[in-house]
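Enquirer: no FASTA, just this:
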(Lines give C-alpha, C1' and ligand atoms only; values in the text may rest on other atoms or scores of the structure.)
Protein backbone atom coordinates (compact mmCIF):
# COMPACT_ATOMS: atom_id res chain seq x y z
CA UNK A 1 0.00 0.00 0.00
CA UNK A 2 1.43 3.36 -1.07
CA UNK A 3 1.73 6.39 1.22
CA UNK A 4 -1.19 8.18 -0.43
CA UNK A 5 -3.49 5.25 0.21
CA UNK A 6 -2.39 5.07 3.85
CA UNK A 7 -3.22 8.75 4.43
CA UNK A 8 -6.42 8.34 2.44
CA UNK A 9 -7.60 5.52 4.71
CA UNK A 10 -6.50 7.49 7.77
CA UNK A 11 -8.71 10.37 6.64
CA UNK A 12 -11.61 8.03 5.85
CA UNK A 13 -11.29 6.48 9.32
CA UNK A 14 -11.24 9.91 10.99
CA UNK A 15 -14.39 11.01 9.17
CA UNK A 16 -16.14 7.69 9.72
CA UNK A 17 -15.22 7.66 13.41
CA UNK A 18 -16.83 11.08 13.93
CA UNK A 19 -19.89 10.04 11.92
CA UNK A 20 -20.12 6.80 13.91
CA UNK A 21 -20.18 8.43 17.32
CA UNK A 22 -22.51 11.28 16.30
CA UNK A 23 -25.05 9.69 13.91
CA UNK A 24 -24.09 5.97 13.97
CA UNK A 25 -23.22 5.63 10.29
CA UNK A 26 -19.50 4.79 10.16
CA UNK A 27 -19.85 1.92 7.71
CA UNK A 28 -21.71 4.09 5.23
CA UNK A 29 -18.48 6.11 4.93
CA UNK A 30 -15.78 3.50 5.43
CA UNK A 31 -17.18 0.42 3.65
CA UNK A 32 -17.60 2.09 0.22
CA UNK A 33 -14.14 3.63 0.65
CA UNK A 34 -12.61 0.18 1.15
CA UNK A 35 -14.38 -1.03 -1.98
CA UNK A 36 -13.02 1.99 -3.84
CA UNK A 37 -9.50 1.03 -2.69
CA UNK A 38 -10.00 -2.31 -4.45
CA UNK A 39 -10.95 -4.70 -1.63
CA UNK A 40 -13.50 -7.44 -2.44
CA UNK A 41 -16.87 -7.06 -0.63
CA UNK A 42 -16.33 -9.74 2.05
CA UNK A 43 -12.77 -8.59 2.72
CA UNK A 44 -13.96 -4.98 2.94
CA UNK A 45 -16.73 -5.96 5.38
CA UNK A 46 -14.52 -7.87 7.81
CA UNK A 47 -11.65 -5.36 7.53
CA UNK A 48 -14.08 -2.56 8.32
CA UNK A 49 -15.42 -4.42 11.37
CA UNK A 50 -11.93 -5.06 12.73
CA UNK A 51 -10.99 -1.39 12.35
CA UNK A 52 -14.30 -0.27 13.89
CA UNK A 53 -13.17 -1.77 17.19
CA UNK A 54 -11.02 1.34 17.65
CA UNK A 55 -13.99 3.69 17.27
CA UNK A 56 -15.44 2.14 20.41
CA UNK A 57 -12.16 2.63 22.26
CA UNK A 58 -11.90 6.27 21.18
CA UNK A 59 -15.56 6.91 21.99
CA UNK A 60 -15.19 5.42 25.48
CA UNK A 61 -12.37 7.89 26.25
CA UNK A 62 -14.17 10.79 24.62
CA UNK A 63 -17.48 10.07 26.41
CA UNK A 64 -16.19 9.80 29.97
CA UNK A 65 -18.45 12.61 31.30
CA UNK A 66 -21.56 10.93 29.84
CA UNK A 67 -20.49 7.46 30.99
CA UNK A 68 -19.96 8.49 34.62
CA UNK A 69 -22.17 6.27 36.79
CA UNK A 70 -23.13 3.99 33.88
CA UNK A 71 -20.61 1.21 34.58
CA UNK A 72 -23.22 -1.14 36.14
CA UNK A 73 -25.43 -0.72 33.10
CA UNK A 74 -22.52 -1.35 30.73
CA UNK A 75 -21.71 -4.60 32.55
CA UNK A 76 -25.39 -5.57 32.66
CA UNK A 77 -25.96 -5.07 28.94
CA UNK A 78 -22.45 -5.43 27.51
CA UNK A 79 -22.32 -9.22 27.69
CA UNK A 80 -25.59 -9.32 25.73
CA UNK A 81 -24.32 -7.14 22.89
CA UNK A 82 -20.99 -9.00 22.85
CA UNK A 83 -22.82 -12.32 22.47
CA UNK A 84 -24.99 -10.84 19.73
CA UNK A 85 -21.95 -9.52 17.88
CA UNK A 86 -20.32 -12.95 18.01
CA UNK A 87 -23.50 -14.57 16.68
CA UNK A 88 -23.72 -12.10 13.82
CA UNK A 89 -20.07 -12.58 12.89
CA UNK A 90 -20.54 -16.34 12.78
CA UNK A 91 -23.57 -15.96 10.53
CA UNK A 92 -21.65 -13.69 8.16
CA UNK A 93 -18.88 -16.25 7.72
CA UNK A 94 -21.22 -19.15 6.94
CA UNK A 95 -24.24 -17.62 5.16
CA UNK A 96 -24.89 -15.30 2.21
CA UNK A 97 -25.85 -11.71 3.01
CA UNK A 98 -28.73 -11.26 0.53
CA UNK A 99 -31.46 -11.83 3.14
CA UNK A 100 -30.08 -9.23 5.53
CA UNK A 101 -29.57 -6.82 2.64
CA UNK A 102 -33.31 -6.99 1.89
CA UNK A 103 -34.40 -6.72 5.52
CA UNK A 104 -31.94 -3.98 6.52
CA UNK A 105 -33.73 -1.02 4.85
CA UNK A 106 -36.95 -1.80 6.74
CA UNK A 107 -35.14 -2.18 10.05
CA UNK A 108 -33.20 1.05 9.62
CA UNK A 109 -36.21 3.02 8.38
CA UNK A 110 -38.38 1.82 11.26
CA UNK A 111 -35.70 2.62 13.84
CA UNK A 112 -35.23 6.09 12.36
CA UNK A 113 -38.96 6.82 12.66
CA UNK A 114 -38.86 5.66 16.29
CA UNK A 115 -36.13 8.21 16.96
CA UNK A 116 -38.28 10.99 15.52
CA UNK A 117 -41.27 10.09 17.70
CA UNK A 118 -41.25 12.06 20.97
CA UNK A 119 -40.71 9.88 24.07
CA UNK A 120 -44.02 8.75 25.58
CA UNK A 121 -44.57 7.56 29.11
CA UNK A 122 -41.92 6.04 31.32
CA UNK A 123 -38.87 4.29 29.83
CA UNK A 124 -39.16 0.51 29.66
CA UNK A 125 -35.98 -0.04 31.69
CA UNK A 126 -33.00 -2.26 30.90
CA UNK A 127 -34.15 -5.39 32.74
CA UNK A 128 -37.21 -6.30 30.68
CA UNK A 129 -36.96 -9.48 28.63
CA UNK A 130 -38.45 -7.94 25.47
CA UNK A 131 -36.07 -4.98 25.50
CA UNK A 132 -33.07 -7.23 26.13
CA UNK A 133 -34.10 -9.49 23.25
CA UNK A 134 -34.38 -6.43 20.98
CA UNK A 135 -30.90 -5.30 22.03
CA UNK A 136 -29.51 -8.80 21.39
CA UNK A 137 -31.12 -8.87 17.93
CA UNK A 138 -29.61 -5.49 17.06
CA UNK A 139 -26.17 -6.70 18.20
CA UNK A 140 -26.51 -9.69 15.85
CA UNK A 141 -27.19 -7.24 13.04
CA UNK A 142 -24.16 -5.14 14.04
CA UNK A 143 -21.90 -8.21 13.88
CA UNK A 144 -23.40 -9.48 10.63
CA UNK A 145 -24.19 -6.55 8.35
CA UNK A 146 -23.58 -3.43 10.40
CA UNK A 147 -24.84 -0.62 8.15
CA UNK A 148 -26.61 1.90 10.43
CA UNK A 149 -26.61 -0.68 13.23
CA UNK A 150 -25.88 2.10 15.71
CA UNK A 151 -29.16 3.79 14.77
CA UNK A 152 -31.04 0.57 15.56
CA UNK A 153 -29.24 0.34 18.91
CA UNK A 154 -29.88 4.01 19.66
CA UNK A 155 -33.60 3.47 19.02
CA UNK A 156 -33.73 0.46 21.37
CA UNK A 157 -31.76 2.21 24.11
CA UNK A 158 -33.93 5.33 23.80
CA UNK A 159 -36.98 3.15 24.49
CA UNK A 160 -35.26 1.41 27.38
CA UNK A 161 -33.67 4.32 29.22
CA UNK A 162 -34.27 7.85 30.41
CA UNK A 163 -31.70 10.62 30.32
CA UNK A 164 -30.39 13.02 27.72
CA UNK A 165 -29.59 12.02 24.12
CA UNK A 166 -25.84 12.52 24.60
CA UNK A 167 -25.81 10.14 27.56
CA UNK A 168 -27.76 7.45 25.69
CA UNK A 169 -25.56 7.98 22.63
CA UNK A 170 -22.42 7.44 24.75
CA UNK A 171 -23.83 4.15 26.06
CA UNK A 172 -24.74 3.16 22.51
CA UNK A 173 -21.15 3.78 21.39
CA UNK A 174 -19.76 1.50 24.11
CA UNK A 175 -22.31 -1.30 23.61
CA UNK A 176 -21.90 -1.18 19.82
CA UNK A 177 -18.14 -1.24 20.38
CA UNK A 178 -18.44 -4.44 22.41
CA UNK A 179 -20.49 -6.10 19.66
CA UNK A 180 -17.90 -4.99 17.10
CA UNK A 181 -15.01 -6.12 19.30
CA UNK A 182 -16.20 -9.71 19.55
CA UNK A 183 -17.06 -9.82 15.84
CA UNK A 184 -13.63 -8.34 15.05
CA UNK A 185 -11.90 -11.03 17.08
CA UNK A 186 -13.69 -13.74 15.11
CA UNK A 187 -12.87 -12.08 11.80
CA UNK A 188 -9.22 -11.59 12.82
CA UNK A 189 -8.90 -15.34 13.36
CA UNK A 190 -11.17 -16.74 10.64
CA UNK A 191 -11.88 -13.93 8.15
CA UNK A 192 -9.96 -12.51 5.18
CA UNK A 193 -8.81 -9.28 6.89
CA UNK A 194 -6.62 -6.93 4.85
CA UNK A 195 -4.31 -5.78 7.64
CA UNK A 196 -2.51 -3.22 5.50
CA UNK A 197 -5.83 -1.40 5.06
CA UNK A 198 -7.11 -2.10 8.56
CA UNK A 199 -4.18 -0.43 10.36
CA UNK A 200 -4.48 3.17 9.04
CA UNK A 201 -8.28 2.91 9.06
CA UNK A 202 -8.16 1.88 12.73
CA UNK A 203 -5.97 4.87 13.66
CA UNK A 204 -8.47 7.18 11.97
CA UNK A 205 -11.37 5.46 13.73
CA UNK A 206 -9.62 5.90 17.09
CA UNK A 207 -9.17 9.64 16.56
CA UNK A 208 -12.65 10.11 15.12
CA UNK A 209 -14.23 8.11 17.93
CA UNK A 210 -12.53 10.38 20.46
CA UNK A 211 -13.60 13.59 18.68
CA UNK A 212 -17.19 12.57 17.97
CA UNK A 213 -18.57 12.76 21.53
CA UNK A 214 -17.19 16.29 21.87
CA UNK A 215 -19.39 17.27 18.93
CA UNK A 216 -22.42 15.26 20.10
CA UNK A 217 -22.55 16.86 23.55
CA UNK A 218 -22.68 20.32 21.96
CA UNK A 219 -25.74 19.61 19.82
CA UNK A 220 -28.77 21.35 21.34
CA UNK A 221 -31.82 19.58 22.78
CA UNK A 222 -33.09 16.60 20.81
CA UNK A 223 -31.20 17.57 17.64
CA UNK A 224 -28.90 14.55 17.98
CA UNK A 225 -31.90 12.20 17.73
CA UNK A 226 -33.36 14.09 14.76
CA UNK A 227 -30.02 14.22 12.94
CA UNK A 228 -29.51 10.48 13.41
CA UNK A 229 -33.09 9.82 12.27
CA UNK A 230 -32.71 11.92 9.11
CA UNK A 231 -29.44 10.20 8.18
CA UNK A 232 -30.96 6.80 8.94
CA UNK A 233 -33.95 7.41 6.66
CA UNK A 234 -31.63 8.48 3.85
CA UNK A 235 -29.56 5.31 4.28
CA UNK A 236 -32.71 3.15 4.42
CA UNK A 237 -33.92 4.59 1.11
CA UNK A 238 -30.51 4.07 -0.52
CA UNK A 239 -30.12 0.49 0.76
CA UNK A 240 -33.71 -0.31 -0.22
CA UNK A 241 -33.11 0.98 -3.75
CA UNK A 242 -29.94 -1.10 -4.07
CA UNK A 243 -31.55 -4.24 -2.61
CA UNK A 244 -34.73 -4.22 -4.66
CA UNK A 245 -33.62 -2.80 -8.00
CA UNK A 246 -30.43 -4.80 -8.65
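Expert: Great, that's in hand. Quick caveat, the model's predicted, so the values are computed rather than measured.
Enquirer: excluding its backbone neighbours, what's nearest residue 115?
Expert: Computed as Cβ to Cβ, 6 or more residues apart in numbering, the closest residue to residue 115 that is not its neighbour in sequence is residue 229, at 4.0 Å. The C-beta positions use only the backbone N, C-alpha and C, and glycine is treated the same way.
Enquirer: surely the one you found meets residue 110?
Expert: No - if you go by Cβ atoms under 8 Å, residue 229 and residue 110 don't touch, sitting 11.0 Å apart.
Enquirer: ok, the residue nearest in space to the middle of the chain - contacts?
Expert: Nearest to the mean C-alpha position of the chain, counting by Cα atoms, centre = their mean, stands residue 150 at 3.8 Å. Taking Cβ atoms under 8 Å, 6 or more residues apart in numbering, we find residue 150 in contact with 20, 23-26, 142, 172-173, 176.
Enquirer: at 10 Å instead, please
Expert: Counting by Cβ atoms under 10 Å, 6 or more residues apart in numbering, residue 150 touches 19-27, 55, 111, 138, 142, 169, 172-173, 175-177, 179-180, 228, 232.
Enquirer: that one: which element?
Expert: helix 149-160 (DSSP states H and E).
Enquirer: what's the answer for residue 31, then?
Expert: Using DSSP H and E, residue 31 falls in helix 26-36.
Enquirer: and the closest residue to residue 212 other than its chain neighbours, how far from residue 229?
Expert: Counting by Cβ to Cβ, 6+ apart, the nearest residue to residue 212 once its immediate chain neighbours are dropped is residue 21, at 2.7 Å. According to Cβ to Cβ, to the nearest Å, residue 21 stands 16 Å off from residue 229.
Enquirer: ok, these two, which is more surrounded?
Expert: The neighbour count for residue 21 versus residue 229, taken as other Cβ atoms under 10 Å, is higher for residue 21 (32 against 23).
Enquirer: what angle do the strand or helix carrying that one and helix 149-160 make?
Expert: When elements are assigned from DSSP H and E, residue 21 belongs to helix 3-23. Interaxial angle, helix 3-23 versus helix 149-160 (axes from the mean of the first three to the mean of the last three Cα atoms, to 10 degrees): 20 degrees.
Enquirer: lowest mean pLDDT among the helices and strands, pick that one out for the chain.
Expert: helix 98-116 (a mean of 74; mean pLDDT, DSSP states H and E).
Enquirer: in the helix or strand where residue 205 lies, what counts as buried?
Expert: Following DSSP H and E, one finds residue 205 within helix 195-216. Buried residues in helix 195-216, defined by neighbour count with 16 or more other Cβ atoms under 10 Å: 197-213, 216.
Enquirer: quick check: next helix or strand after it?
Expert: Beyond helix 195-216 toward the C-terminal end (DSSP H and E), the next one is helix 223-245.
Enquirer: okay, the angle between the longest helix along the chain and helix 3-23?
Expert: Using DSSP state H to define each element, the chain has its longest helix at helix 165-190. With the same axes, to 10 degrees defining the directions, helix 165-190 sits at 140 degrees from helix 3-23.
Enquirer: what packs against helix 165-190?
Expert: Judged by 3 or more Cβ pairs under 10 Å, 6 or more residues apart in numbering; DSSP states H and E, the packing partners of helix 165-190 are helix 3-23, helix 41-62, helix 64-67, helix 71-94, helix 129-144, helix 149-160, helix 195-216, helix 223-245.
Enquirer: list the contacts for the closest residue to residue 35 other than its chain neighbours?
Expert: Nearest residue to residue 35, sequence neighbours excluded (Cβ to Cβ, 6+ apart): residue 44, at 5.3 Å. Neighbouring residues of residue 44 by Cβ under 10 Å, 6+ apart: 27, 30-38, 192, 194, 197.
Enquirer: where does the chain dip in pLDDT?
Expert: 1, 97-100, 117-127, 146-147, 162-163, 221-222, 246 (pLDDT under 70).
Enquirer: shared neighbours of residue 229 and residue 110, which are they?
Expert: residue 155.
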